[in-house]
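Novice: build the 3D model from these lines:
(chains A and B)
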There are 2 protein chains.
Amino acid sequence: MPAQAPSPKSASVRSSEAFFAPLKEHIAILDQFLAEQIDAFEPAVRELVRYTFTHRGKRLRPGLVFYAGWNNQLPSRDLVRAAAIVELVHLATLVHDDILDEASLRHNSQTVAARYGQHPAVLLGDALFAHALILSAEYPTTHVCRWIARATREVCSGEICQTFDRGNTALSLEQYFRIIQLKTAELFEVSCRLGAHIAFGDEKYTEACALFGRHLGIAYQIFDDIADFIGDEAGIGKTLGTDLASGKFTLPTLLHLRTLDDAAARQLALDLEQRKISPEELAARLRATAIPARCLEIFQGEIAKAEAALAPHEGKPSVALLQALSGYVREQLATLSF
Amino acid sequence: MPAQAPSPKSASVRSSEAFFAPLKEHIAILDQFLAEQIDAFEPAVRELVRYTFTHRGKRLRPGLVFYAGWNNQLPSRDLVRAAAIVELVHLATLVHDDILDEASLRHNSQTVAARYGQHPAVLLGDALFAHALILSAEYPTTHVCRWIARATREVCSGEICQTFDRGNTALSLEQYFRIIQLKTAELFEVSCRLGAHIAFGDEKYTEACALFGRHLGIAYQIFDDIADFIGDEAGIGKTLGTDLASGKFTLPTLLHLRTLDDAAARQLALDLEQRKISPEELAARLRATAIPARCLEIFQGEIAKAEAALAPHEGKPSVALLQALSGYVREQLATLSF
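Specialist: Model (predicted):
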């Protein structure tokens, strides 16, 4: 498809459709596969599962599976199942995250917790996790089970760490990167690993894709944190600005906190908690500093590491598509006016 | 060890220690194995995992694994791992159940949700589930992953059905049995299946054990529901009487509701919800009817089905121990003055 007209914000920004266009048929096959899973759940649970599948996001993680396993053909059943597995794990974490964040909107729809109640949301998340593992056990070996179960545990551990670190003005950058490694990058990494392993079974290429996924995941989370920080609700389609109000400090705030002494840092946290300073005011204050440039630099560094991991395998069609995807994430960041 | 003196309630009741005595070494090995798992979690999560492991219950499900796989020797590493897996799944469901029930006590200790907060409890349950699946992927084939993931999904589905059926005075006995099949019997069944499969690999014996576990699980849940209904808090060690107040109708109440017309049933539900009738008053009312005898009859029927499943395999040491365990569950019911 032709590239769209440049947006006023950035000459390089194209619609996400350009990057996802090669996946159209793959995603349709994935959606059909997911729809077929609904009947495996108890009748009383099916409406919740269907709701979760319908109010869907960008299918970014399945996209990683398909691109890492791209061989210019329609995807094998094994590859589609892997895409479904990572999407199920992702959806399960969203269902549980939305309980924790007390968010009411996700992808411009009501969250499961807001629509059906917190209790069913806890259990639905569990059932989606479990179904992902049932599908993982359909491969001939235990590799997929092991990778998916491990990524799931790490995602949850990252969320627990983040919950315990709410309001911690002394959170180090190392701790911040560890948290986003666990809560986001693990699943990006396993998505790429599965796609490459299932489609090609080439260990070097698989590990290169896994490394690509890990750094892309870190970059993506930094983008997501900045979008929440500057409150671009329309572009993201979920309740934003919730991070700061609940004491969840992400990259921009952490960089700012490091410029303050202990007392000033604690005072800022208190002012944010008591809403004496709004997220918008803090964002405006930071725009006058070097922090946006530093965030961008860290983000670009992760994108560069992701792309470097694939360099030895350039020439493969799958690598060109993965690099287009990292280009998409880079351009998503460029849409934010930070 | 010698049998204890008969209790005043029932001449046949012995301490649970008599039934679990053969397992002492096995459980010590299991506890050691579980303690070794703690370091696999993120540092920030370990305290919660340790707390969950320490404030433990009867280890009934690991007991089923060990007894179904009993061969008069110390358990193999594979058998111990299976016992740990079912205990982890059980602990994860308890951590999540306690959020849903808003209970503050479990086995006479604070629940994870009460001690650490609801958010960490949601995520800790997820991480425990995931760790159970990581261990399941350590077997050479995908059998254990498949069975454990399936049982986990069914347990959660049962809990969702139960949540949606709160306050439903028209809940049929069939629906009640389906719910307890899912939420309790599935994990009893898979515990027996794993123990038999891993220790002996004999398909007929494995399926007999699985059927035993299923019926024992249904019987056990009926016992648990009656204990909650008549409010024997000291004997059970958790917050009781919570079922009725929250509109969760179990066997005794459902049998009573069937004797009322629609209007009277709805009035009773309303009176219970508004605490115009206390659980104790309802229990006293039911004691004057045939309902306790009917509950006992249904319970005994399930115990009989459990024991019948094992009949073709009598003579195996494992079968004698499983039957002692069903004897234990039967005698637990006899301790209740319903």
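Novice: can you tell if the strand or helix carrying residue A:198 touches chain B?
Specialist: Assigned by DSSP states H and E, residue A:198 belongs to helix A:186-200. No. On the criterion C-beta under 8 Å from any C-beta of the partner chain, helix A:186-200 is out of touch with chain B, staying 11.0 Å away. For every residue, glycine as well, the C-beta is placed using N, CA and C.
Novice: just checking, next helix/strand downstream of that helix?
Specialist: Next along the chain after helix A:186-200, with elements defined by DSSP H and E, is helix A:203-230.
Novice: mind checking the SS state of the residue of chain A most remote from its centre?
Specialist: Seen from the C-alpha centroid of chain A, the residue lying at the greatest distance (C-alpha atoms, centre = their mean) is residue A:263, 34.0 Å away. Three-state secondary structure (criterion: DSSP: H, G, I helix; E, B strand; the rest coil) places residue A:263 in helix.
Novice: now the one 3 residues further on
Specialist: Each residue gets one of three states, and residue A:266 gets helix by three-state DSSP.
Novice: just checking, it touches residue A:170?
Specialist: No. Residue A:266 lies out of contact with residue A:170 (C-beta atoms under 8 Å); the separation is 9.3 Å.
Novice: which one is whatever residue of the stretch 201-338 of chain A ends up closest to chain B nearest to, not counting chain neighbours?
Specialist: Distances between the stretch 201-338 of chain A and chain B by C-beta to the nearest C-beta are smallest at residue A:246, namely 10.3 Å. Spatial nearest neighbour of residue A:246, excluding adjacent residues (C-beta to C-beta, 6 or more residues apart in numbering or on different chains): residue A:166 at 6.1 Å.
Novice: where does the stretch 201-338 of chain A dip in pLDDT?
Specialist: A:232-242 (pLDDT under 70).
Novice: where along it do the helices fall?
Specialist: Applying DSSP state H, counting those that start in this stretch to the stretch 201-338 of chain A gives helices spanning A:203-230, A:233-236, A:242-245, A:251-257, A:262-273, A:279-287, A:291-310, A:317-334.
Novice: who wins for proximity to residue A:23 among those helices?
Specialist: The minimum distance between residue A:23 and those falls on helix A:317-334, with 8.5 Å, by C-beta to C-beta.
Novice: quick one: that closest one to helix A:203-230, angle?
Specialist: With axes from the mean of the first three to the mean of the last three C-alpha atoms, to 10 degrees applied, the angle from helix A:317-334 to helix A:203-230 works out at 10 degrees.
Novice: how far does helix A:317-334 sit from its chain's centre?
Specialist: Relative to its chain's centre, helix A:317-334 lies at 14 Å (C-alpha atoms, centre = their mean, to the nearest Å).
Novice: show me what that helix is packed against.
Specialist: For helix A:317-334, the contact count by 3 or more C-beta pairs under 8 Å, 6 or more residues apart in numbering or on different chains; DSSP states H and E identifies helix A:16-20, helix A:60-68, helix A:186-200, helix A:203-230, helix A:291-310 as packing neighbours.
Novice: residue A:154 is nearest to which of those?
Specialist: Across the helices and strands packed on helix A:317-334, residue A:154 has its closest neighbour in helix A:186-200 (4.3 Å, C-beta to C-beta).
Novice: so which elements touch that closest one?
Specialist: Counting by 3+ C-beta pairs under 8 Å, 6+ apart, helix A:186-200 packs on helix A:60-68, helix A:77-101, helix A:143-164, helix A:203-230, helix A:317-334.
Novice: now with 7 Å?
Specialist: helix A:60-68, helix A:77-101, helix A:143-164, helix A:203-230 (3 or more C-beta pairs under 7 Å, 6 or more residues apart in numbering or on different chains; DSSP states H and E).
Novice: deepest-packed of the ones you listed, please.
Specialist: Highest mean neighbour count among these (mean count of other C-beta atoms under 10 Å in any protein chain shown): helix A:60-68, with a mean of 28.
Novice: helix A:77-101 and that helix, what's the angle between them?
Specialist: Put simply, helix A:60-68 runs at 150 degrees to helix A:77-101, going by the same axes, to 10 degrees.
Novice: could I get helix A:60-68 in PDB with only the CA atoms?
Specialist: C-alpha atoms of helix A:60-68 as PDB (Å, rounded to 0.1, in the frame of the first residue of the first chain):
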ATOM      1  CA  LEU A  60       1.800  -6.500  18.400                       C
ATOM      2  CA  ARG A  61       3.000  -9.700  20.100                       C
ATOM      3  CA  PRO A  62       1.400 -12.000  17.600                       C
ATOM      4  CA  GLY A  63       2.900  -9.700  15.000                       C
ATOM      5  CA  LEU A  64       6.300 -10.400  16.400                       C
ATOM      6  CA  VAL A  65       5.700 -14.200  16.300                       C
ATOM      7  CA  PHE A  66       4.600 -14.000  12.600                       C
ATOM      8  CA  TYR A  67       7.400 -11.600  11.500                       C
ATOM      9  CA  ALA A  68      10.100 -13.600  13.300                       C
END
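Novice: what mean pLDDT does that helix have?
Specialist: The average pLDDT for helix A:60-68 rounds to 96.
Novice: got the contact list for that helix?
Specialist: Applying C-beta atoms under 7 Å, 6 or more residues apart in numbering or on different chains, the contact partners of helix A:60-68 are A:20, A:23, A:26-27, A:30, A:75, A:79, A:82-83, A:86-87, A:90, A:187-188, A:191-192, A:194-196, A:209, A:213, A:318, A:321-322, A:325.
Novice: before we move on, back to that, residue A:266 and residue A:170: which has the busier surroundings?
Specialist: Using other C-beta atoms under 10 Å in any protein chain shown, the more surrounded residue of residue A:266 and residue A:170 is residue A:266, with 15 against 12.
Novice: residues contacting that one?
Specialist: Counted by C-beta under 7 Å, 6+ apart, residue A:266 has contacts residue A:169.
Novice: which residues are in contact with the helix holding residue A:198?
Specialist: A:61, A:64-69, A:71, A:78-79, A:82, A:86, A:89-90, A:144, A:147-148, A:151, A:154-155, A:205-206, A:209-210, A:212-214, A:216-217, A:220.
Novice: do that again at 6 Å, thanks
Specialist: A:61, A:64-65, A:68-69, A:71, A:78-79, A:82, A:86, A:147, A:151, A:154-155, A:205-206, A:209-210, A:212-214, A:216-217 (C-beta atoms under 6 Å, 6 or more residues apart in numbering or on different chains).
Novice: that one vs helix A:317-334, what angle?
Specialist: Using the same axes, to 10 degrees: helix A:186-200 against helix A:317-334 is 160 degrees.
Novice: now do helix A:186-200 and helix A:291-310, the angle between them.
Specialist: Going by the same axes, to 10 degrees, helix A:186-200 makes 20 degrees with helix A:291-310.
Novice: quick check: angle from helix A:186-200 to helix A:143-164?
Specialist: Using the same axes, to 10 degrees: helix A:186-200 against helix A:143-164 is 170 degrees.
Novice: just give me how far helix A:186-200 sits from the chain centre.
Specialist: On C-alpha atoms, centre = their mean, the centre of helix A:186-200 falls 15 Å from that of its chain.
Novice: got it, and stretch A:130-143?
Specialist: Mean C-alpha position of stretch A:130-143 versus that of the full chain (C-alpha atoms, centre = their mean) differs by 22 Å.
Novice: likewise stretch A:289-300?
Specialist: 20 Å.
Novice: for stretch A:128-136, same thing?
Specialist: The chain centroid and the centroid of stretch A:128-136 are separated by 19 Å under C-alpha atoms, centre = their mean.
Novice: show the average pLDDT along it.
Specialist: 97.
Novice: try stretch A:40-47
Specialist: For stretch A:40-47, the per-residue pLDDT averages 92.
Novice: and the contacts of that stretch?
Specialist: For stretch A:40-47, the surrounding residues in contact (C-beta under 6 Å, 6+ apart) are A:38, A:49, B:157, B:160, B:161, B:164.
Novice: what do you get for stretch A:253-263?
Specialist: Residues outside stretch A:253-263 that contact it (C-beta under 6 Å, 6+ apart) are A:169, A:176, A:265, A:286, A:291, A:294.
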